[in-house]
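In: sharing a sequence plus its predicted fold:
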Amino acid sequence: GAGLIETATLFDQYVGSPIPAGKKSMAFSIAYRSRERTLTDAEVNEVHGRLVTQLRAALPVEMR
């Protein structure tokens, strides 16, 4: 799946209410692309789901 992630860009960070003290909100834009063909929504959703699962396992993150 990682071969389908073309770019991942942090485009926003926020600290303050209503985000709890000691935490921050971060927003990313992720572009998925295959060099061989057009990806289906199902393929992108599956890769994105695996990415979220791996982030949750590796880091103390909370998805909103």
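Out: Ah, there it is.
In: against which helices or strands is the helix or strand containing residue 42 packed?
Out: For residue 42, the host element (DSSP states H and E) is helix 41-58. Applying 3 or more C-beta pairs under 8 Å, 6 or more residues apart in numbering; DSSP states H and E, one finds that helix 41-58 contacts strand 25-32. For glycine as for every other residue, the C-beta is placed from the backbone atoms N, C-alpha and C.
In: okay, the helix holding residue 42 in CSV with CA atoms only?
Out: This file holds the C-alpha atoms of helix 41-58, laid out as CSV (Å, rounded to 0.1, in the frame of the first residue of the first chain):
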residue,chain,number,x,y,z
ASP,A,41,-12.3,4.0,-4.3
ALA,A,42,-12.2,0.6,-2.6
GLU,A,43,-8.5,0.3,-3.1
VAL,A,44,-7.8,3.8,-1.8
ASN,A,45,-10.1,3.2,1.2
GLU,A,46,-8.3,-0.1,2.0
VAL,A,47,-4.8,1.5,1.8
HIS,A,48,-6.0,4.5,3.9
GLY,A,49,-7.5,2.1,6.5
ARG,A,50,-4.2,0.2,6.8
LEU,A,51,-2.3,3.5,7.2
VAL,A,52,-4.6,4.7,10.0
THR,A,53,-4.3,1.3,11.7
GLN,A,54,-0.5,1.5,11.6
LEU,A,55,-0.4,5.0,12.9
ARG,A,56,-2.7,4.1,15.8
ALA,A,57,-0.4,1.1,16.6
ALA,A,58,2.8,3.1,16.4
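In: kindly list the longest strand within the chain.
Out: As assigned by DSSP state E, the longest strand anywhere in the chain is strand 5-14.
In: sheet partners, orientation included, of that strand?
Out: Note on strand 5-14: by DSSP bridges, its sheet partners are strand 25-32 (antiparallel).
In: direction-wise, compare the partner strand with helix 41-58 and give the angle.
Out: If you take axes from the mean of the first three to the mean of the last three C-alpha atoms, to 10 degrees, strand 25-32 sits at 140 degrees to helix 41-58.
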